[in-house]
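Requesting a structural model of the entry that follows:
(one chain, ligands or ions: 1)
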Amino acid sequence: MRVILVGFGVVGQSLAKLLLSRSADLYSQHGIKPRIVACVDNKGSAVAPAGLDLERLLKAKAKGGVGLYEKSERFEPQQVIENVEAEVVIECTPTDLLTGEPGTSHIISAMRTGKNVISINKGPLALAFPSLIELANYNGVMFRFSGTVGGGTPILEFAKRCLKGDRIVSFQGILNGTTNYILSKMEEGLTYESALADAKEKGYAEAKPELDTDGYDAAAKLVIMANWVMGMKVTMKDVARTGISGVSVADVKKAQSRGNAIKLIAACDSRRLEVKPTEVSKKDPICVNGTLNAVTFSSEHSGSQTIIGRGAGGMETASAVLRDLIEIRDTIFER
Ligand SMILES: NC(=O)c1ccc[n+]([C@@H]2O[C@H](COP(=O)([O-])OP(=O)(O)OC[C@H]3O[C@@H](n4cnc5c(N)ncnc54)[C@H](OP(=O)(O)O)[C@@H]3O)[C@@H](O)[C@H]2O)c1
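As a prediction, this is how the structure comes out:
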């Protein structure tokens, strides 16, 4: 299967390493032999129709950029996506929740040229989910995005596949590991400011921490889930959003005294789509600590189920991309 990789940062490079270490069992167990035929970063591109040597590609990136892979003409991402022959484009550029770019343009070009798309970039989905699904259907291509919610934890697949046949009526959960880490540290006695500084030091917070602390990241994931799991047609503007910067140590202590904890909860049912700090019983399975994510789905017949796991990380997210690749390959094979 020929793959174009757009963006070669933490997740893109983790994927390359995963493909290098797993190539034998991917073939023997899943019959899949992904070939990265092009890779693009913000400074250049590397193209090889027979497949790039991934070790050499990683070395080129370590020296400065994928453009150093070999001396060749520099192609813009759009040119590569449209003109290089491939079955799948993997979109791994940074998330922009205001414009959705450059990811949205990359995804549209890929779909219009008949390529299946895997996105780990939340921006395009948070801002234009319904129209991107329509475009994928119109062009007869698959669109997968397991890594956008829960990192490597299969939250979307759990809801979509394991609960198939039942009707999910609502779900709620912790979708952002950074804010959960900050709130957990506040329970241990740190102020909001020192907990945020600690999260930054450990590399958990985004370059713009307000994306996490003001609830934008959780809202983006909520939008993706509401569309995919509940069949809604919503975007970021439909979410009522409150972040955690107004939560004080006194609020956290008060909740603690009642056997509860304050968590940034993203919730969806037929009437509401909201992200806000909420008091949750410590006995509730979604009351997880640190950077963990947890989601409880409530279904019409099978009651409530909770899925818990690490919500981010390069290798974790790369493993979600691999799941999507295997699913696309299986579907192509069945056709
Ligand atoms: N890291 C995680 O744990 C995680 C988990 C789930 C989802 N995500 C999402 O996955 C995406 C990638 O995350 P990451 O951590 O890998 O980010 P990253 O390390 O910042 O990598 C982003 C990559 O995109 C490239 N890029 C930027 N603008 C570009 C453009 N216009 N055209 C082509 N390439 C461009 C960058 O190039 P340069 O290297 O040249 O700067 C870099 O290689 C983001 O949308 C993020 O929100 C990340």
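
which SS state does Val280 fall under?
Following DSSP: H, G, I helix; E, B strand; the rest coil, we place Val280 in the strand state.

beta partners of Ala38?
Here Ala38 sits in beta bridges with Ile4, Val47, going by DSSP bridges.

count of residues packed around the residue of the stretch 151-300 of the chain found nearest the ligand?
Relative to the ligand, the nearest point of the stretch 151-300 of the chain is Gly151 (5.0 Å; Cβ to the nearest ligand atom). C-betas here are computed from N, CA, C, even on glycine. Other residues lying near Gly151 total 26 when counted by other Cβ atoms under 10 Å.

is it true that it touches Arg310?
Yes - counting by Cβ atoms under 8 Å, Arg310 is a contact partner of Gly151 at 5.7 Å.

any residues in contact with both of these two?
293, 316 (Cβ atoms under 8 Å, 6 or more residues apart in numbering).

ends of stretch 1-15, how far apart?
Its start and end residues considered, stretch 1-15 measures 15 Å (Cα to Cα, to the nearest Å).

can that stretch be found next to the ligand?
Yes - interface with the ligand: stretch 1-15 contributes 6-12 (Cβ under 6 Å from any ligand atom).

Buried ones in stretch 155-171, by neighbour count?
155-159, 163, 168, 170-171 (16 or more other Cβ atoms under 10 Å).

Could you find which two of those are furthest from each other?
Across the buried residues of stretch 155-171, the longest distance by Cβ to Cβ is 18.8 Å; it joins Glu157 and Ser170.

Would you list the phi and psi of the residue of the stretch 151-300 of the chain closest to the ligand?
Backbone torsions for Gly151, taken as degrees, to the nearest 10, come to phi 60, psi -120.

can I see the domain layout of this structure?
Following automatic domain parsing, one finds the domains of the chain at 2-152+314-334, 155-310.

Now mean pLDDT too, for the ones you listed, in JSON lines please.
Shown next, in JSON lines, are the domains of the chain (pLDDT from 0 to 100):
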{"stretch": "domain 2-152+314-334", "mean pLDDT": "95"}
{"stretch": "domain 155-310", "mean pLDDT": "95"}
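
related to what we said a few turns ago, quick one: buried ones out of the residues of stretch 1-15 next to the ligand?
6-8, 10-12.

which one of those residues is nearest Lys122?
The closest of these, once distances to Lys122 are taken by Cβ to Cβ, is Val11, at 12.2 Å.

Quick one: list the elements packing against the one helix or strand the closest one maps to.
Assessed by DSSP states H and E, Val11 sits inside helix 10-30. Helices and strands touching helix 10-30, by 3 or more Cβ pairs under 8 Å, 6 or more residues apart in numbering; DSSP states H and E, are strand 2-6, strand 35-40, helix 54-63, helix 314-334.

quick one: it to strand 2-6, angle?
Angle, helix 10-30 to strand 2-6, by axes from the mean of the first three to the mean of the last three Cα atoms, to 10 degrees: 160 degrees.

Show me where the stretch 51-200 of the chain has its helices.
Per DSSP state H, counting those that start in this stretch, the stretch 51-200 of the chain carries helices over the ranges 54-63, 77-83, 103-112, 122-139, 155-157, 177-187, 192-201.

Need the residues that contact the longest one.
Counting by Cβ under 8 Å, 6+ apart, helix 122-139 makes contact with 91, 95-97, 99-101, 103-104, 107-108, 111-112, 114, 117, 119, 142-143, 145, 148, 217, 219-221, 223-224, 227-228, 233-236, all of which sit outside it.

still on that earlier bit, which two of the buried ones among the residues of stretch 1-15 next to the ligand have the greatest separation?
Across those (Cβ to Cβ), the longest gap, 14.4 Å, separates Val6 and Val10.

helix/strand/coil for the closest residue to Thr178 other than its chain neighbours?
Distance criterion Cβ to Cβ, 6 or more residues apart in numbering; nearest residue to Thr178, sequence neighbours excluded, is Asp212 at 4.1 Å. Following three-state DSSP, we place Asp212 in the helix state.
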